[in-house]
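In: Provided below for reference: sequence and predicted model.
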Amino acid sequence: MPERRIMKFVNAEHKLPIKSWCGVVEAGAMAQAVNLANHPCVVRHVALMPDCHQGYGMPIGGVIACENAVIPNAVGVK
């Protein structure tokens, strides 16, 4: 049976909540998540999936919803 991951809220001072399904979030990935949680176009919350790790501007395995904006780094970077 696959391991069940429980969603947890990450407490920090930022505009939006961060919800994580990742066991341990790398410091760099968390710093990127906090930046996204403070971004003026990001809405609802920042979600971190179990495979979360630091990317280029946005964590790999991170999910966001934006209002009236498209953030290219949130789609993928080669």
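Out: Noted; the coordinates are in hand. Since the structure is predicted, the reported quantities are computational estimates derived from the model, not experimental observations.

In: what helix or strand is residue 31 on?
Out: helix 27-37 (DSSP states H and E).

In: Show residues contacting that helix.
Out: Residues outside helix 27-37 that contact it (Cβ atoms under 8 Å, 6 or more residues apart in numbering): 10, 12, 14-18, 25, 42, 45-46, 48, 52-55, 57-60, 62, 64. Yep, even glycine has a C-beta here, placed from its N, CA and C like the rest.

In: centre of the chain versus stretch 27-43, how much separation?
Out: Distance of stretch 27-43 from its chain centroid, counting by Cα atoms, centre = their mean, to the nearest Å, is 7 Å.

In: what comes up buried for that stretch?
Out: For stretch 27-43, burial by neighbour count (16 or more other Cβ atoms under 10 Å) applies to 29-30, 32-34, 36-37, 39, 42.

In: Relative to the first helix or strand past the helix holding residue 31 going along the chain, what are the paired strands and their orientations?
Out: Once the chain leaves helix 27-37, the next helix or strand it forms, by DSSP H and E, is strand 42-53. The pairing partners recorded for strand 42-53 under DSSP bridges are strand 18-20 (parallel), strand 60-66 (antiparallel).

In: ok, residue 57 to residue 23 distance?
Out: Distance, residue 57 to residue 23, using Cβ to Cβ, to the nearest Å: 23 Å.

In: same question but for residue 39, I mixed them up
Out: Using Cβ to Cβ, residue 39 is found at 25 Å from residue 23.

In: and residue 41, what does it touch?
Out: So residue 41 contacts 66-69, 71 (Cβ under 8 Å, 6+ apart).
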